[in-house]
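Chemist: sequence plus the predicted model coming up.
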Amino acid sequence: MTVAFFSGKGRRIGVALGAVSAGLLVLSACDKPTPLATVTVGDNSVNTEASCYNDGKALKGSEVKSCLNKKAEKTVKVAMDDKVHFGVDPEVADHGWTLFINGQQAEQEPYKKTYRSIPGSAFFSSQTGETTNETQISIVETKGKELLGIWHFELKKTD
């Protein structure tokens, strides 16, 4: 005669806990994080996941404009004589990326390296020559004419 090590109620609880654990594992596998973009000024560094990202596929045209107009959640303080360092994940660099300033494309050709530096003074003058105290910078991953991802940062000028 065999002896049951667990009662019927204990087995049901064990099976239920196993099912919940397996379900959570499956759900966590589906939630793949987006690549990161980083802005560093001096010893202050912030990074963020993409505001808009379609798992490496092109964003829809209707989505692009609204995404470019989203407000940045991460802020970096920049003096006019600081160097602003931008960094992206290697998979973003493989496709190419460009900077948008206040929603407008600032460069014609995509950059294909993971890291670059630009003087802080480049971000605080408008097209009319007036200076501004804050600027939204968007890092935009491109592949040909398609936009694949958009990351936002706000640069605030310090004195």
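Modeler: Perfect, thanks for sending it.
Chemist: in the longest strand along the chain, which residues are buried?
Modeler: As assigned by DSSP state E, the longest strand anywhere in the chain is strand 146-158. Within strand 146-158, the residues scored as buried using 16 or more other CB atoms under 10 Å are 147-155, 157. (C-beta placed from N, C-alpha, C; glycine too.)
Chemist: ok, it: who's next to it in the sheet?
Modeler: Sheet pairing for strand 146-158, assigned by DSSP bridges, gives strand 52-53 (antiparallel), strand 75-79 (parallel), strand 134-143 (antiparallel).
Chemist: check which helix or strand covers the closest residue to Ala106 other than its chain neighbours.
Modeler: Distance criterion CB to CB, 6 or more residues apart in numbering; nearest residue to Ala106, sequence neighbours excluded, is Leu99 at 4.8 Å. Using DSSP states H and E, the element containing Leu99 is strand 97-101.
Chemist: moving C-terminal of that strand, what's the next helix or strand?
Modeler: Following strand 97-101 toward the C-terminus (DSSP H and E): strand 104-105.
Chemist: that following strand pairs with which strands, parallel or anti?
Modeler: If you go by DSSP bridges, strand 104-105 pairs up with strand 97-101 (antiparallel).
Chemist: what's the domain layout of the chain?
Modeler: Split into domains by automatic domain parsing, the chain comes to 1-31, 36-158.
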